Structures are given as C-alpha cells and as structure tokens.
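Q: Would you be able to build a 3D model of this:
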Amino acid sequence: MGTNEFVEMCLNGGLPDPKTISVINLTEDIWETYRDTVGSLLAELEAAAMALESGQNVDEQEALIRRLLHSIKGDSGMAGLEDVHDLCHEAESAFEEVSDLSVSSDMILKIKDWIDAVIDCIANGDLAAEKLQQLEGIKEKDKLKALIIDDDRVCREMLQSILQDFFDCTFAVNGREGLEAYIESRQQNDPYKFITLDINMPEMNGHETLEAIRKWEDANGIEGLDGVKIIMTTSEGSSEHIMSSFRQGCEAYVTKSNMGEKLLDEIAKLGLLKVVKVQKDYEVY
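A: Here you go, the predicted model:
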C-alpha cells in the first residue's frame, strides 16, 4: 500500500471495523497489562499529535510520535494483535513521508481513535467466544485437499485425526489407487496440495508410487514448487528407505512412532500451515 493510499484511508474513514480484527493470537495472560500500557501510550500519542498540529516544538513532537507508534506496534505484536501491529507499521512509514503537519497529525489522531476502539471492543466482548468463532471460520474457509495413501485402516484414521482440522482428507488404500486419485484431481483442475504416503503397501509400494507421481508431473510440465507436497509416513526408519524417498522427490519423512506434532511441524515447514502459537510445558526439577 502506498503512502498516499494509506493516508487517504485513514482520513476518509477507510480503516477496518474494529469489531472485525483478529483476536485468535491474542495472549490473554497479558491482556490487562497490554490494555493499561497501550492506553497510556495512546493518551501520549493524542497529546503529541495535537501539539504537532498547532506547530509546537515540531521536531520534538515528531520524534515522540515515532517512538510511541513503535512502542504500540511492539506491544501489539507481543500481545498477538497482528492487525494493530500491522497498522502501526504502515503508520510509521506514512508518517516519515507526509510533510504536511495538519495531514500527518490528523492521520495519527484517526489511528489513535481506531486503536482505542479496538481495545474497547475486546474489553467489552466475550474474548474466548470470539477467538473460537474466528478460529472455526478460518478452519472451514482455508482447508486444503489432502490425500492419505495407506493400506492400514488404523493408520488412515490416525492420520485423519491429526489432519482433519486443517485439511479436507481423502483416502486411498494402496499406491495404485493413490496415484489414480492424484492424477484425476489434476485433470479436474482441483489438485491435492498434500499427500501422506506409506511405504509397505500392496500393488504399488510407497517408493513406486512416489516415483510414478513425480514422473507423471514431469511428463505434464509440473515442476518445482508446482508439484504436490509429499511426506512419507511409514514405520520404516532405515537410512536406506529415507535416502531413497528423498532421491525420488519426497519433501519430508516422518515415522509413525513419532507422528503427532512432528507431522504438523513438517507440513508447516512446507508452507501449508501457519504456526500460530508455540507453547512448551515445563516443570521444576
């Protein structure tokens, strides 16, 4: 977004509805501290913008506004309010480029009022319910197609339980069926974005299936990042199987004894999932 476009958006009421900002990543443990701290910063920001508009100590007020925007941006990022963080980032850039004191001060005041409104909306609402509603909306909206190729029913159901919150899962019970399902999805212009592939299967094992998928993609001009992402999910942990799988073109290799979060971590590395929050549990010795 260009500076002029951002300034116009601020001045003409084009900022997002404060009720619609994402609270999914908001860290509730520090919410009250964030609210008090940023509330104080916003009061300072308003006073500095009004002083700037009247031409009082312009250099000093401009430096103060930069510092306050930067502090609010940092605190918002730490608290998980990404929309507020991003708006402050845009405002910092725009403030550096706008030379008209009246325009820049008006922009800052509009941004201050918007952040105040965001805080009021969060404070006056049911935060837990809002987070759940937004999360459910994202899950339904952003699900990608995944193909699980495994001949073992227990493994298929385990993989589905791990993936179903993020992917619309389809199953194939052997390599040949999986290969046909993938080719059909491409021909219908609705391809799978991700495949889990077992190794020990009847008709076509995982190595044969992986090789066949990559050969079909090569023959049809599907190269590099356009190819389907494939993670081997198998009980085979030998270096021979691992090296062979990577040579044939898989993106990752996860053993079934270490599935759970490991699989989701590997999918995130491929850019198909966003890591929203990493939390580790600790205990005192």
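
Q: And the strands in the stretch 101-250 of the chain, which stretches?
A: Secondary structure of the stretch 101-250 of the chain (DSSP state E, counting those that start in this stretch): strands at 144-149, 167-172, 194-197, 229-234.

Q: so where's the stretch 101-250 of the chain uncertain?
A: Segments of the stretch 101-250 of the chain classed as low confidence (criterion: pLDDT under 70) are 126-142.

Q: Could you find the closest non-adjacent residue to residue 71?
A: residue 41 (5.6 Å; C-beta to C-beta, 6 or more residues apart in numbering). C-beta coordinates here come from the backbone N, C-alpha and C atoms, glycine included.

Q: I'd say that neighbour and residue 70 touch.
A: No: applying C-beta atoms under 8 Å, one finds residue 41 not in contact with residue 70, separated by 10.1 Å.

Q: between these two, which one's more packed in?
A: Using other C-beta atoms under 10 Å as the criterion, residue 41 and residue 70 rank with residue 41 on top: 18 against 13.

Q: Contact partners for the more buried one?
A: 68, 71, 72, 75 (C-beta atoms under 8 Å, 6 or more residues apart in numbering).

Q: Confirm it sits in a strand?
A: No: the assignment for residue 41, made by DSSP: H, G, I helix; E, B strand; the rest coil, is helix rather than a strand.

Q: Use 16 as the first number for this chain going forward.
A: Yes, from this point I'll number from 16; that puts the last item at residue 56.

Q: Tell me the confidence at it?
A: Looking at residue 56, its pLDDT stands at 95.

Q: got the residue ranges for the helices in the stretch 66-215 of the chain?
A: 73-94, 97-112, 116-139, 142-157, 168-178, 190-202 (DSSP state H, counting those that start in this stretch).
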